[in-house]
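Asker: need a structure here:
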Amino acid sequence: MRLAPAAISATALVLTGLVLTGLVLAGPAPARAGSLKIDPVTVPEWKAVYGRVEARDTIPARARIGGTLTELLVSEGDAVKAGQRIAVVHDDKIAFQVSALDAQLKAIVAQLQNAETELARTQSLVDKGVATAQRLDQLRTQADVFRNQIASTEAQRLVIVQQGTEGNVLAPADGKILTVPVTRGAVLLPGEAVATIGAGGFFLRLAIPERHAPLLKEGANLTVETGSGTATGKLAKLYPQIGNGRIVADVEVQGLPTVFVDARVLVRVPIGVRTVLMIPAAAIAHRSGLDFVTVRMPSGPVERTVVIGERDGDKVEILTGLAAGDEVITP
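Answerer: Numbering: from 1, shown residues only. Got it, this is the predicted structure:
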């Protein structure tokens, strides 16, 4: 029986639709799974220790003269620059010494003027033949003595004035004020500390048992747990002297919080190495609170229950359930 052309066209449309519908329902072909043969790898073993936020240099700002602390311009936590005035020490005796030297200068200047007048008079008498040259020499020597006394007294005055300017206590370096052990109105002795400044940058200072010293290398990267998250620090310096069975090290950390000095921060340092089995995290399936890994066996794929350990990026340590040489199927 022959079909009409219209019936043939309708049948073709129906068949085409069925084919397209089947393609849509089937979707793309599933990607083939790969496999990975696992071998033991060596990883560092970490130990969590506490480091303290400390300044590399702790410098006291000292009073250069004794006296009364009349001004205190800083407090704990302030940032200072080298040469910045942070306090003023005043000694009343300096003003009295300057006044005494000024009076001495006036007296010597008056004596010099009198000696110069006498010298000029004697010079005229010598020209007339009335006075002797010996008397003229004596008066010249006396005038020179007065001039030298004036120069000496002026130098002494400059010394006293300089001592007065040394009453300004200056910051010895750029840094942060850590402690201010004095108050305004206190009496200070020469060399007494007015403030303590933390300079040279802030570091994490570690004290690690000396048995771990061979595993520490300058420039090694360490993990630091700051208040805002995890950061990477660099072991900047190992100090050669060991005290109380511990080695001291400095760790540089970008963005280290320095609001509180001597605050303790958790740092992970390498204390050894161990051999582990690592597989991609994507190869682990989680069902019913258990972790499963598919292993390719001669008889076909087999799921094994595993116990996972630490995670390192996109890889996970397998504690039990797998052995070296197993071929793990990965998606």
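
Asker: Check the offset of stretch 252-270 from the chain's centre.
Answerer: How far stretch 252-270 lies from its chain's middle: 9 Å, per Cα atoms, centre = their mean, to the nearest Å.

Asker: which parts of it are buried?
Answerer: For stretch 252-270, the neighbour count (16 or more other Cβ atoms under 10 Å) marks 252, 253, 256, 261, 263, 265, 267, 268, 269, 270 as buried. Where you see a C-beta, it was placed from the backbone N, CA and C, and this is true even at glycine.

Asker: of all those residues, which comes closest to residue 45?
Answerer: Using Cβ to Cβ, residue 270 is the member of the buried residues of stretch 252-270 that lies nearest residue 45, at 6.8 Å.

Asker: Give the helix, strand or coil label for the residue nearest the centre of the chain.
Answerer: By Cα atoms, centre = their mean, the chain has its centre lying nearest to residue 202, at 2.3 Å. When classified by DSSP: H, G, I helix; E, B strand; the rest coil, residue 202 comes out as strand.

Asker: check contacts around it.
Answerer: For residue 202, the contacting residues are 53, 54, 55, 56, 256, 258, 261, by Cβ atoms under 8 Å, 6 or more residues apart in numbering.

Asker: hmm, back to that, just flag the most distant two among the buried residues of stretch 252-270.
Answerer: The most widely separated members of the buried residues of stretch 252-270, counting by Cβ to Cβ, are 261 and 270 (26.9 Å).

Asker: Check residue 31 and give its pLDDT.
Answerer: Reported pLDDT at residue 31 in the predicted model: 35.

Asker: and residue 200, what does it touch?
Answerer: So, once contact is read as Cβ under 8 Å, 6+ apart, residue 200 ends up touching 55, 56, 57, 173, 175.

Asker: Mind checking which of the residues you listed are in strands?
Answerer: 55, 56, 57, 175 (DSSP state E).

Asker: what's the neighbour count on the residue nearest to the last one when sequence neighbours are not counted?
Answerer: If the residues on either side of it in the chain are set aside, residue 175 comes closest to residue 199, at 3.4 Å by Cβ to Cβ, 6 or more residues apart in numbering. Here the number of neighbours of residue 199 (other Cβ atoms under 10 Å) works out to 19.
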